[in-house]
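Fold the following, please.
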Amino acid sequence: MLDHIGLEVKDYEKSKAFYTAALAPLGYEMVMEWEGYAGFGAGGKPDFWINGGKAITPQLHVAFAAVDRAKVREFYAAAMAAGGTDNGPPGIRAMYHPTYYGAFVLDPDGHNIEAVCHAPE
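Residues are numbered from 1 along each chain as shown. Here you go, the predicted structure:
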């Protein structure tokens with residue numbers, strides 16, 4: 001089980017604004033920040049970190065759990081409004097399993113950020 005994950009980003013302020021907006025529908029907020037690091041999480045515990053520096057190549061894929069399909073759609077809308085790039089709109093991804101409902105957005109550095117709900121609607 002993972003405790004936390006971190007991404008190095010090229011433009012810290014731009015990425016911080018993107019993740020603040022994109023993750024809000026999933027119940028995430030920035031809970032800690034210092035010296036070019038921002039920790040996002042729910043319930044006061046940061047488990048997703050970004051830090052300024054340079055873009056990572058190749059890009060990474062990070063999937064966040066959503067409590068329902070509506071939250072997946074809200075994530076997608078918020079991420080797109082915050083400057084994300086569409087990498088797969090909300091919908092069923094039956095190739096994974098029949099109730100896999102996800103949305104994919106590229107962040108400012110091209111990382112594939114996903115919100116997914118596994119529950120049937």
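
Any idea how many residues pack against the nearest residue to residue 32 once chain neighbours are set aside?
Once flanking residues are discounted, residue 32 sits nearest to residue 39: 4.0 Å by C-beta to C-beta, 6 or more residues apart in numbering. Placement of C-beta: from N, CA and C, glycine included. The tally of other residues near residue 39 (other C-beta atoms under 10 Å) stands at 18.

need the next SSE after the helix or strand where residue 39 lies, C-terminal direction.
If you go by DSSP states H and E, residue 39 is part of strand 37-42. Next in sequence after strand 37-42, counting helices and strands by DSSP H and E, comes strand 45-52.

helix/strand/coil for residue 95?
coil (DSSP: H, G, I helix; E, B strand; the rest coil).

With residue 22 instead?
Applying three-state DSSP: residue 22 is helix.

Quick check: the closest residue to it other than its chain neighbours vs residue 17, distance?
Leaving aside its sequence neighbours, residue 22 sits nearest to residue 79 (C-beta to C-beta, 6+ apart; 3.8 Å). Using C-beta to C-beta, to the nearest Å, residue 79 is found at 12 Å from residue 17.

Can you check what angle separates the strand holding residue 39 from strand 45-52?
150 degrees (axes from the mean of the first three to the mean of the last three C-alpha atoms, to 10 degrees).

Any chance you could list what contacts strand 37-42?
For strand 37-42, the external contacting residues (C-beta atoms under 8 Å, 6 or more residues apart in numbering) are 4, 12, 16, 19-20, 23, 26-33, 46-51.

rerun that using 7 Å as the cut-off
When contacts are defined by C-beta atoms under 7 Å, 6 or more residues apart in numbering, strand 37-42 is touched by residues 16, 19, 23, 27-32, 46-51.

Filter those down to just the buried residues.
Neighbour counting by 16 or more other C-beta atoms under 10 Å classes 16, 19, 23, 28, 30, 46-50 among the contacts of strand 37-42 as buried.

one step back: out of residue 79 and residue 17, which sits in the more crowded spot?
residue 79 (28 against 14).

hang on, the more buried one in a helix?
Yes - secondary structure of residue 79 (three-state DSSP): part of a helix.
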